[in-house]
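>>> Sharing a sequence plus its predicted fold:
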Amino acid sequence: MTTRLIVARTVTSLRRVLQRYRKAGEKIALVPTMGALHRGHLKLVAEARRRARRVVVSIFVNPTQFAPNEDFGSYPRGFAADLAALRAAKADLVWAPSAEMMYPEGFATRIEPQGAAKAGLEDKFRPHFFGGVATVVAKLFTQTSPDFAMFGEKDYQQLCVVTQMAKDLDLPLKVIGVPTVREADGLALSSRNAYLSPEQRKVAPMLYRVLAASAKRIKQGEPIEMVLEEGHAEITRVGFALDYLEARHAVTLAPVASRKDGPIRLLTAAKIGKTRLIDNLGV
Ligand code: AMP
């Protein structure tokens, strides 16, 4: 069964459709994405559908969250396939603005999140990233005025930053975190997995395996520092260049020394060849 899927490319046409939903008293859930949709994104759509009558999916590869040396130009794009997947997933509306629509000439405002955005994880390696994300997400929120906004735990620091921003700016919406969808071997689904060679693809699940093993050992009471040191060595041994493997407080992302410091989230980022993968797991 497929359903009618509307594509909006201007703020005016977007608002026209949204107004119709609102007039009918329908709740709206937003799923922000950069396209190249996979089962992870579709889980967000499914969760959105459980909460709201109308599901809006934004597809926008946001130039301001990529540094000049990053993969903006080569980031996977497949609009036709994305539309087919969203039709099958029964989304209602696709918001697909151009970069010129999002950032017209003279655009001069930027949100600079603090707190979790300065935790020394992704921000340390991609200092431009959360400013770009927060600014575009704030725009997506004001453009669509959703009741719910769905974000994957896959990008855990991003989920923390967006949740805090919505709270700090009194945005009248609820940010919902959705658990990470994985391949059978544990690798977290990511649009960037398409970059992996067959050899790299075989090694890639090690990142999750180390997270899972480390979480188990920490839960059993082994010292965090030692567990992470060994995890670091293992990730490096199989061929990754590790950016970080850290244990943080699951809400504040502050460093933790022991399990007594609160709920723990393990977070990691590592490069295999030119591809940078990130993952995380609760303890
Ligand atoms: P992206 O298109 O990569 O910006 O991702 C859009 C949204 O999908 C973000 O909220 C991501 O956290 C989420 N997402 C990406 N991969 C996964 C996954 N494997 N499982 C769950 N959510 C995901």
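Structure's in. What do you need? Keep in mind the model is a prediction, meaning the values are calculated, not measured.
>>> Please count neighbours and contacts with C-alpha atoms only from this point.
Will do.
>>> So for the strand or helix carrying Val137, mean pLDDT?
Using DSSP states H and E, Val137 falls within helix 129-144. Mean pLDDT, helix 129-144: 98.
>>> The ligand contacts on the chain?
Residues of the chain that fall close to the ligand, judged by CA under 6 Å from any ligand atom: 32-35, 40-41, 151-155, 179-182, 188-190.
>>> any idea of the pLDDT on the residue nearest the centre of the chain?
In the chain, the residue lying closest to the centroid (CA atoms, centre = their mean) is Asp155, at 3.9 Å. At Asp155, the model reports a pLDDT of 98.
>>> what do you get for Ala204?
At Ala204, the pLDDT value in this model is 97.
>>> quick one: the strands in this structure?
Using DSSP state E, the strands found in the chain span residues 6-8, 28-33, 54-59, 93-95, 148-152, 174-178, 241-249, 264-272, 275-282.
>>> Tabulate those strands (CSV), appending distance to Ala233, mean pLDDT and mean neighbour count.
Below are those laid out as CSV (distance: least, CA to CA, whole Å; pLDDT from 0 to 100; neighbours: other CA atoms under 10 Å):
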stretch, distance to Ala233, mean pLDDT, mean neighbour count
strand 6-8, 48, 98, 18
strand 28-33, 34, 98, 26
strand 54-59, 38, 98, 25
strand 93-95, 43, 98, 24
strand 148-152, 28, 98, 23
strand 174-178, 30, 98, 19
strand 241-249, 9, 98, 21
strand 264-272, 12, 98, 22
strand 275-282, 17, 97, 20
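>>> Now distance to Ala215 too, for those, in a markdown table please.
Below are these laid out as a markdown table (distance: least, CA to CA, whole Å):
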| stretch | distance to Ala215 |
| --- | --- |
| strand 6-8 | 42 |
| strand 28-33 | 29 |
| strand 54-59 | 33 |
| strand 93-95 | 38 |
| strand 148-152 | 20 |
| strand 174-178 | 19 |
| strand 241-249 | 9 |
| strand 264-272 | 7 |
| strand 275-282 | 7 |
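>>> Can you say which of those strands is nearest to Ala257?
Ala257 lies closest to strand 241-249 among those, at 8.1 Å (CA to CA).
>>> Hmm, Asp279 and the residue nearest to the centre of the chain touching each other?
Yes - with contact defined as CA atoms under 8 Å, Asp155 counts as touching Asp279 (7.4 Å).
>>> Nearest spatial neighbour of Asn281, chain-adjacent residues omitted?
Careful, residue 281 is Leu and not Asn. Leu266 (5.3 Å; CA to CA, 6 or more residues apart in numbering).
>>> distance of the one you found from the ligand?
Noted for Leu266: a distance of 16 Å to the ligand, by CA to the nearest ligand atom, to the nearest Å.
>>> Okay, and the beta partners of that residue?
Using DSSP bridges, the bridge partners assigned to Leu266 are Ala247, Leu281.
>>> Please shift the residue numbers so they start at 154 in all later answers.
Okay, residue one is now 154; in that scheme the one you just asked about reads as Leu419.
>>> Okay, Phe294 and the ligand: tell me how far apart.
14 Å.
>>> Please work out how many residues are found near that residue.
Phe294: 20 surrounding residues under other CA atoms under 10 Å.
>>> Equivalent analysis for Glu378, please.
By other CA under 10 Å, the residues close to Glu378 number 15.
>>> could you list every residue that touches it?
Ala410 (CA atoms under 8 Å, 6 or more residues apart in numbering).
>>> mind listing the helices for the stretch 204-353 of the chain?
For the stretch 204-353 of the chain, applying DSSP state H, counting those that start in this stretch gives helices covering 232-241, 252-255, 275-278, 282-297, 309-321, 351-356.
>>> ok, of the residues of the chain next to the ligand, which come out buried?
By neighbour count, with 16 or more other CA atoms under 10 Å, these hold 185-188, 193-194, 304-308, 333-335, 341-343 as buried.
>>> Thank you kindly, that will do.
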